[in-house]
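Asks: Sequence first, predicted coordinates after that:
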Amino acid sequence: MTDTVDDQAASGPGPGDQPSASGAALGSAMTEEALVALTPDAADSLGDYLRAWWLRIRGGESGAIPIIIGLIVICVFFEVKSSAFFSSANIVNLFVQAAFIILLGMAELYALILSEIDLSVGFVGAVGAAIALALMGTPADWPWWAAIIVGMAACLAIGAFQGTLITRLRIPSFVVTLAGLLGWQGVLIYVFDTDKGATGGVINVTNSVIDDLVSGNMTPVAGWIMLIVAVGLFALTSVLSTGRRRSQGLSAPPLGITLATVAAVAVAGFVLVFICNLNRGVLTTVQGVPWVIPVLVIVVVIQSFALARTRLGRYMYAIGASPEAARRAGIHVARVRTITFALCSFVAGLAVVVYASRLGSLSVGFDGGTYVLYAVAAAVIGGASLFGGHGKPIHPVLGGLVIAALTNGLALLNVTTAVTDMLTAAVLLVAVGVDSTLRRRGRTSEV
Amino acid sequence: MTEGATPLLELRGVSKVFGAVQALSKVNLSVPAGKITALVGDNGAGKSVTIKTISGLWEPTEGEILWEGKPAHIHSPNDAEALGITTIYQDLALCDNLDIVQNLFLGHEKLRHGLLDETAMEIEAREVLADLHVTTVRSIRQPVASLSGGQRQSVAVAKAVLSSAKLVIMDEPTAALGVAQTEQVLGLIKRLASQGTAVMMVSHNLVDIFAVAEQISILYLGRLVAQGPASAFDTQMVVEYQTTGQSTRANAPGVEAP
């Protein structure tokens, strides 16, 4: 069959080339071929697994590898050029700078998965954060958690409203969220002028918990405990899930790969916690992991889980690739899309709370229009696609770190903003160019 | 008609009118269970209208549809789905970004503790594909975007099997395929029928039709002009019926010409 020949030619020698012993027992050549073809990833040896992995990379499923390599190259470059880059103060600063864009990028990711765009994330998030900050400040003096709940609920409601306009009235998301970009900025200015908590167009972060989100640090011991717990949970879930797959006779990565992944995460976490725990204070001792890092990790884990392991997440990806296929599969497309826009606004609210925590206040000067573009850039540099159906929460994390590392490193080298902007643009184009080239090689259909 | 057995699906005097256009006129079509029926006709003969009526996209203007001998009310694609009718259109309705397993279970995911049960879905997907002898895919975890046309068609068929369809309607399943892939898909259709699923295949390609069909139904300008076992037809007759609505050998044994 030419089909088989084509596939072999495209994928080169792979584990599928050796007929398995179990297949031979079933006699007919056809069945044997079927078994081989259907279980090529059942590579229990490390070599087979690595070969299957290499095939996937060559097939265009490169995942996050290129951008992680890019990030490492950028970091090494800056460390060589300026030894201050890997200093404790700078690394913490880098994460704190990146946290806001990462979160806003994760918000934008929801729209991107649907093959839509949300230009309003900056200001919608700001409206929710302003409500939360006003409620926890004087004179309302709500407990911080209640204020956050109400503020984020407002974001959900705004997102659901915009999503309804997009899905029911079929106004393009670009237009609805462009109106949102303008309109919610207006609302923000209006609220800031009339709210008593705001003086001179600024709402200060008065609550210590929200203030500590970015400015506060865990104690060094707490940082180590957190790392041990996180790595332990990761190791446990990885081993359990591969074990379950293997016990059901399905292909699973060999134990060596699982352990290597866990070890890599543990080393990266160790380096991060170690650097954060160094004293970075000038006059007094300042050390420890800033609270925003564990918060970020938790948000990423929850979203990754929801997108990968729930029906709702699966349907978002399906709709992003083919709304028609999703509709014929019986999925309530309009409902899923509306929920997705609501989630997009919700995460945007969290992002702006982190922003306000870092600056100690939220003002009318909040530049939501520009931040949206950085959010899109973070998601896309990290590997999400503007064409829909692709992208994971880890992508805006990587993309946000790349942008922050560039900005931060170039500032250390005293490069002007003009050059920084131009370099960021170049990185955006290179990242997307590499990604789409790799992806195209793996496709048999147009696009 | 097949020796007195109740057909799986029967259209009785079905007509469909769009404004001034009579798209279907008193069509009496029957689809036997577990067999391959080819629905043949020139462009504009009413093939698409017929399958869209059966699959619930359009309601007939008059006439009735019988399912397993009982009157059926198909008002929407969901009604058709509930009866066990699955339609595979030419675009196949697959999501390119999802892998084979995810596509097979789209909209009908298996859950475990409220979460997607990938293991169970993968096991069942593997069984279905093995039953259909779908042999050439590299991995059932590869995205559908990387599959060939024939493989994509196979995934669409496997999806129909998973939904435990009793009747699978296929619109031009081989139209966009090369020789080898056509061979592969025709084999798939035969296996589907041998597992007891009725297949109604809309096709222009007489070679394909005579290769697999057990019954042939021919539409001409909205009317069913001939229907009977494939053995009662030859290429010449099918061409005549398609182009003129009648045949010089109209009285061939077994061929009904209502």
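Replies: Ah, there it is.

Asks: Which neighbouring elements make contact with the helix or strand containing B:Met170?
Replies: Here B:Met170, judged by DSSP states H and E, is contained in strand B:167-171. With contacts taken as 3 or more Cβ pairs under 8 Å, 6 or more residues apart in numbering or on different chains; DSSP states H and E, strand B:167-171 sits against helix B:47-54, strand B:85-88, helix B:149-162, strand B:198-202. No exception for glycine: its C-beta is placed from N, CA and C like everyone else's.

Asks: wait, which of the ones you listed is closest to A:Ile69?
Replies: Ranking the helices and strands packed on strand B:167-171 by distance to A:Ile69, with Cβ to Cβ as the measure, places helix B:149-162 first at 32.1 Å.

Asks: what angle sits between the closest one and strand B:167-171?
Replies: Put simply, helix B:149-162 runs at 160 degrees to strand B:167-171, going by axes from the mean of the first three to the mean of the last three Cα atoms, to 10 degrees.

Asks: distance between helix B:149-162 and the chain's centre?
Replies: For helix B:149-162, the distance from its own C-alpha centre to the chain's C-alpha centre is 12 Å (Cα atoms, centre = their mean, to the nearest Å).

Asks: Briefly note if that helix comes near chain A.
Replies: Yes. Shown here: helix B:149-162 in contact with chain A (Cβ under 8 Å from any Cβ of the partner chain) through B:149-151.

Asks: model confidence over that helix, on average?
Replies: Here helix B:149-162 scores 87 as its mean pLDDT.

Asks: what's the answer for stretch A:427-443, then?
Replies: The model assigns stretch A:427-443 a mean pLDDT of 76.

Asks: CA atoms only for it - export them in PDB, please.
Replies: Taking only C-alpha atoms (Å, rounded to 0.1, in the frame of the first residue of the first chain), the coordinates of stretch A:427-443 have been written out as PDB:
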ATOM      1  CA  VAL A 427      12.400  37.400  19.100                       C
ATOM      2  CA  LEU A 428       8.600  37.300  18.500                       C
ATOM      3  CA  LEU A 429       9.100  36.800  14.800                       C
ATOM      4  CA  VAL A 430      11.900  34.200  15.200                       C
ATOM      5  CA  ALA A 431       9.900  32.200  17.800                       C
ATOM      6  CA  VAL A 432       6.800  32.100  15.700                       C
ATOM      7  CA  GLY A 433       8.700  31.500  12.500                       C
ATOM      8  CA  VAL A 434      10.600  28.500  14.000                       C
ATOM      9  CA  ASP A 435       7.400  27.100  15.400                       C
ATOM     10  CA  SER A 436       5.300  27.400  12.300                       C
ATOM     11  CA  THR A 437       8.100  25.900  10.200                       C
ATOM     12  CA  LEU A 438       8.300  22.900  12.500                       C
ATOM     13  CA  ARG A 439       4.600  22.500  12.600                       C
ATOM     14  CA  ARG A 440       4.000  22.600   8.900                       C
ATOM     15  CA  ARG A 441       6.400  19.700   8.400                       C
ATOM     16  CA  GLY A 442       4.100  17.500  10.400                       C
ATOM     17  CA  ARG A 443       0.900  18.200   8.500                       C
END
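
Asks: chain center to it: distance?
Replies: Shown here is stretch A:427-443, whose average C-alpha point lies 18 Å from the average C-alpha point of the whole chain (Cα atoms, centre = their mean).

Asks: residue contacts, the closest residue to chain B within the stretch 151-300 of chain A?
Replies: Using Cβ to the nearest Cβ, the single residue of the stretch 151-300 of chain A nearest to chain B is A:Gln248, 5.1 Å away. Under the criterion of Cβ atoms under 8 Å, 6 or more residues apart in numbering or on different chains, the neighbours of A:Gln248 are B:119, B:123.

Asks: ok, which stretches of the stretch 101-250 of chain B are strands?
Replies: B:111-112, B:115-116, B:167-171, B:198-202, B:215-220, B:223-229 (DSSP state E, counting those that start in this stretch).

Asks: picking up where we left off before, got the helices and strands packed on strand B:167-171 as a markdown table, with distance to A:Leu188 columns?
Replies: Listed next are the helices and strands packed on strand B:167-171 as a markdown table, based on distance: least, Cβ to Cβ, whole Å:
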| stretch | distance to A:Leu188 |
| --- | --- |
| helix B:47-54 | 50 |
| strand B:85-88 | 50 |
| helix B:149-162 | 48 |
| strand B:198-202 | 57 |
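
Asks: of all the ones you listed, which lies closest to A:Ile293?
Replies: Comparing the helices and strands packed on strand B:167-171 by their distance to A:Ile293 (Cβ to Cβ), the top pick is helix B:149-162, with 42.3 Å.

Asks: okay, the angle between the closest one and strand B:198-202?
Replies: Helix B:149-162 and strand B:198-202 meet at an angle of 140 degrees, taking the same axes, to 10 degrees as the criterion.

Asks: can you list the residues that contact helix B:149-162?
Replies: A:3, A:444, B:86, B:88, B:92-94, B:100, B:103-106, B:108, B:124-125, B:128-129, B:131-132, B:134, B:136-137, B:144, B:147, B:168, B:170, B:173, B:176-178, B:180-182, B:184-185, B:188-189, B:192, B:195, B:197.

Asks: Mean neighbour count for the helices and strands packed on strand B:167-171 - can I get that in CSV?
Replies: Conversion of the helices and strands packed on strand B:167-171 to CSV gives the following (neighbours: other Cβ atoms under 10 Å in any protein chain shown):
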stretch, mean neighbour count
helix B:47-54, 23
strand B:85-88, 25
helix B:149-162, 24
strand B:198-202, 25
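
Asks: right, and the ones you listed - which one's nearest A:Val121?
Replies: Once Cβ to Cβ is applied to those, the stretch that comes out nearest is helix B:149-162, at 35.8 Å.

Asks: what's the nearest residue to B:Lys190 if we skip its chain neighbours?
Replies: Spatially, and ignoring its direct neighbours in sequence, B:Lys190 is nearest to B:Val212 (5.7 Å; Cβ to Cβ, 6 or more residues apart in numbering or on different chains).

Asks: related to what we said a few turns ago, for the strands of the stretch 101-250 of chain B, which one sits closest to B:Lys47?
Replies: Proximity to B:Lys47 (Cβ to Cβ) singles out strand B:198-202 among the strands of the stretch 101-250 of chain B, at 5.0 Å.
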